[in-house]
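**Q** Model the following, please.
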Amino acid sequence: MFFNKKLPFTDLFSEGFVDIHSHLLPGIDDGSQNLDQSILLIEKLRATGIQHFITTPHVLGEVYPNTPEIIQKKLQSVKKELYNRGITNVSLRAAAEYMLDGTFHRLLQERNLLTLKDNYLLVELSFFNPSINFRDLLFEIQLAGYQPILAHPERYVFWHHHYKIFEDLKNSGCLFQLNLLSLTKHYGKEVYKTSEYLIKNGLIDFLGTDTHHLHHIHLLQQEGDAKIIELLKPIAKRNSLFLEEPN
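**A** Numbers count the residues shown, from 1 in each chain. Modelled structure (predicted):
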């Protein structure tokens, strides 16, 4: 069993919580596949208590060759549909989740990147193996004036028995975003165990849902280990850093 005493994950979704990792724009990656699905996912997430979203479609070579123009166009289509349906109790912005690969190096040189806010940039690695120069890329990101946030570090199985790498990356200036889904049974025991280690050792900076579809939202409506949820509450409050500034 993963859990003893339990608390709902929704306890983390205070009024100022911003979900900084999701895939809610239609038809441009492995998340929402059409506009109706996007609206449904947003409505279901809003019902869990999340009001603010910075959705982050993949930017991944020729697989998901999304540009800021493509992403912003999709964002506007979703915002228009939300308005048409009278859904006014959510805020939706878009950034991206950038794979650290050869294509990314070119994008970084061009400064053609969508940040979560200010200079905060969400990046990810391959789940099979990190690129041999990923540390160099993280360093170049910082030299270019961006603050890298590594998405779901707990899911990289090649680090599950090499915990020192997490401390090394944090010491080099990389921030970490944990997937709340990693605290369910969704990704398995090793991901849960690594998540627990990162949380208990104060290595997690921000949280995200990484919602792709309705099943993910169903998992977020469940409960988790009460001690872990309590440790996550101050981290969840840090997500308010990404609230949109009032005009």
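**Q** Roughly how far does His213 sit from Thr56?
**A** 15 Å (C-beta to C-beta, to the nearest Å). For every residue, glycine as well, the C-beta is placed using N, CA and C.
**Q** more crowded one of these two?
**A** Thr56 (30 against 15; other C-beta atoms under 10 Å).
**Q** Contact partners for the closest residue to that one other than its chain neighbours?
**A** Of all residues not flanking Thr56 in the chain, Glu97 sits nearest, at 4.3 Å (C-beta to C-beta, 6 or more residues apart in numbering). By C-beta atoms under 8 Å, 6 or more residues apart in numbering, Glu97 lies in contact with His21, Thr56, Pro57, His58, Val59, Leu122, Val123, Glu124, Ala151.
**Q** how about the helix ranked longest in the chain: buried residues?
**A** The residue-count maximum for a helix in the chain (DSSP state H) belongs to helix 68-84. For helix 68-84, a neighbour-count test (16 or more other C-beta atoms under 10 Å) marks Ile70, Ile71, Lys74, Leu75, Val78, Lys79, Glu81, Leu82 as buried.
**Q** list the buried ones in the helix-or-strand element of the chain with minimal mean pLDDT?
**A** Lowest on mean pLDDT, DSSP states H and E among the helices and strands of the chain sits helix 102-110, with a mean of 92. Neighbour-count burial for helix 102-110 flags Thr103, Phe104, Leu107, Leu108 (criterion: 16+ other C-beta under 10 Å).
**Q** these two touch, right, the last one and Gln142?
**A** No: using C-beta atoms under 8 Å, Leu108 and Gln142 do not qualify as a contacting pair, with a distance of 10.8 Å.
**Q** Quickly name whichever of the buried residues of helix 68-84 is closest to Leu35.
**A** Glu81 (5.7 Å; C-beta to C-beta).
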